[in-house]
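*Asks:* task: produce atomic coordinates for the following.
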Amino acid sequence: MNPEGELNKRKLWTRDFTILTLGTVISICGNSLAGFAINLIVLDYSNSVFLFILYLVFFNLPKIVVPMIAGPFLDSFSRRKAIYTLDFISAALYLSLFFVLGTGFFNYFFYLALSIALGTIDCI
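*Replies:* Below is the predicted model of the structure:
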C-alpha cells in the first residue's frame with residue numbers, strides 16, 4: 001500500500017471537525033464573557049475586593065489542577081461526547097444562574113461552588 005494514498009483518503013476538515021471546532025470557539029468566547037460578567041456581579045453584590053479576588057482564585061484554581069487529572073481520564077472516552085456533555089452541563093449551570101439572579105438571591109458560597117464547577121468545565 002502507498003502511504004500517501006492513505007493520507008489522501010483521510011481528511012482533517014470533515015463536517016464533524018468543523019462543527020466541533022466552531023462550537024468550541026463559540027463556547028470559549030461565551031464562557032469568557034459570562035465569567036467576566038459573573039465576576040462583576042460578585043463584586044457588585046459583595047462590595048468587597050477580597051471576596052472578588054477569592055472568587056477569581058476559586059474560578060481559576062481548577063484550571064491549574066484539573067487538566068492533570070482529567071486529561072488521562074478523558075482519553076478513554078469519545079471526545080465528541082465529552083465536549084457535548086460538558087457544554088450542556090455548562091449551559092444548565094448558566095441557566096440555573098439566570099433563574100437565581102432573576103429572584104434577586106445572592107449567596108456568596110453558591111457563587112463559589114458555581115465558580116469551581118464552571119472553572120472545572122472551562123479547563124476540560
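
*Asks:* for the strand or helix carrying Ala92, buried residues please.
*Replies:* Using DSSP states H and E, Ala92 sits within helix 79-103. For helix 79-103, burial by neighbour count (16 or more other CB atoms under 10 Å) applies to 83, 86-87, 90, 97. Any C-beta I mention is one placed from the backbone N, CA and C, and that applies to glycine too.

*Asks:* kindly report the same for stretch 20-39.
*Replies:* Buried residues in stretch 20-39 (16+ other CB under 10 Å): 27, 31, 34-35, 38-39.

*Asks:* quick one on the thing from earlier: contacting residues around the helix holding Ala92?
*Replies:* 16, 20, 23-24, 27, 31, 34, 38, 41, 74, 110, 114, 117-118, 121-122, 124 (CB atoms under 8 Å, 6 or more residues apart in numbering).

*Asks:* quick one, the lengthiest helix in the chain and helix 79-103 angle?
*Replies:* Using DSSP state H to define each element, the chain has its longest helix at helix 15-46. Going by axes from the mean of the first three to the mean of the last three CA atoms, to 10 degrees, helix 15-46 is angled at 30 degrees with respect to helix 79-103.

*Asks:* coming back round to it: next SSE downstream of the helix holding Ala92?
*Replies:* Assigned by DSSP H and E, the successor of helix 79-103 is helix 108-123.

*Asks:* just how off-centre is that next one within its chain?
*Replies:* Its chain's C-alpha centre and that of helix 108-123 lie 10 Å apart, by CA atoms, centre = their mean, to the nearest Å.

*Asks:* and it, what does it pack onto?
*Replies:* Judged by 3 or more CB pairs under 8 Å, 6 or more residues apart in numbering; DSSP states H and E, the packing partners of helix 108-123 are helix 15-46, helix 49-60, helix 62-74, helix 79-103.

*Asks:* thinking again about what came up before, the inter-axis angle of the helix holding Ala92 versus helix 62-74?
*Replies:* 140 degrees.
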